[in-house]
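Asks: Pasting the sequence and the predicted coordinates here, then a few questions.
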Amino acid sequence: MAEFQTLFPIQLYVKDKIDDYDAVQKEMLEYVNKIEWMWSDGWDSHWLSSLTFKDNPVSHLPKFSQQLAYSLEEYTKKMDFYYNTGVTLQASWFSCFHEHNYAHIHSHRGADISGVYYFSTSGDDGDLFFTSPIANAKASKAWANERVNFAPKQGTLLLFPGWLEHGVSTNTKDHARVSLSFNIQVDELRELASSDGYIRVTNKKK
Ligand SMILES: [Fe+2]
């Protein structure tokens, strides 16, 4: 008997429907209604709540922040990065994909964990897709085209490594798809500053 072992697995966290969904959506709707959407000529692909990524909407969404903190706690526990781990919210932003909008393949290299919450989607208005991070696999025809699609679902929260390349396929529907993205830094707790208002969670073992 032989067995297969998986080396260096990539953990995609999928919370199919966020807890406290109705309250989270209501809180978010109030925020989204006030967004003045911006278009980056450089990217020329979709609308953003900020081009500087300094607004940090998650810090204005306490109900969503709470759910994100629970999920980050699960993720960091699973990964067990350090014996004593904390996380800091680096940035967050809303993205809006109208008909014909999409997102180029990119990664969030400065972030340890990145994620997205689907605020408004019909499920068929642009898949998120991940491409293989294994650079050497591109030298092999059999492995080169590895790509995993993920259909958006309203209320779903995803977490993944910030270095994992991804994109969003073109929205072919005549309505807007709105999502909230964020970048998270993972720290050893002893390295964290005392207080600056960011989300903190811990996987400290009891
Ligand atoms: Fe992204």
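Replies: Looks like it came in fine. Numbering: from 1, shown residues only.
Asks: what about Thr85, how many residues close to it?
Replies: Other residues near Thr85 number 22, with proximity taken as other Cβ atoms under 10 Å. For the C-beta atoms, the positions are set from N, CA and C on the backbone; glycine is no exception.
Asks: and the gap between it and Leu29?
Replies: According to Cβ to Cβ, to the nearest Å, Thr85 stands 33 Å off from Leu29.
Asks: Helices of this protein, start to end?
Replies: Along the chain, counting by DSSP state H, helices occupy 21-33, 62-79, 141-144.
Asks: how far does the last one sit from the chain's center?
Replies: Right, helix 141-144. Centroid displacement of helix 141-144 relative to its chain, using Cα atoms, centre = their mean, to the nearest Å, is 27 Å.
Asks: now swap in stretch 51-70 and tell me
Replies: Its chain's C-alpha centre and that of stretch 51-70 lie 12 Å apart, by Cα atoms, centre = their mean.
Asks: picking that back up, go through the helices of the chain and name the closest to Leu164.
Replies: Among the helices of the chain, helix 62-79 comes nearest to Leu164, with 13.3 Å by Cβ to Cβ.
Asks: Give me the contact list for the closest one.
Replies: By Cβ atoms under 8 Å, 6 or more residues apart in numbering, the residues outside helix 62-79 that reach it are 11, 13, 15, 18-20, 23-24, 27-28, 58-59, 85, 87, 89, 113, 115, 117, 157, 159, 180, 182, 184, 186, 199-203.
Asks: Can I get the helices of the chain in TSV including mean neighbour count and distance to Phe97?
Replies: Below are the helices of the chain laid out as TSV (neighbours: other Cβ atoms under 10 Å; distance: least, Cβ to Cβ, whole Å):
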stretch	mean neighbour count	distance to Phe97
helix 21-33	15	14
helix 62-79	18	20
helix 141-144	10	27
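Asks: Would you mind telling me which of those helices is nearest His100?
Replies: Per Cβ to Cβ, nearest to His100 of these: helix 21-33, 20.7 Å.
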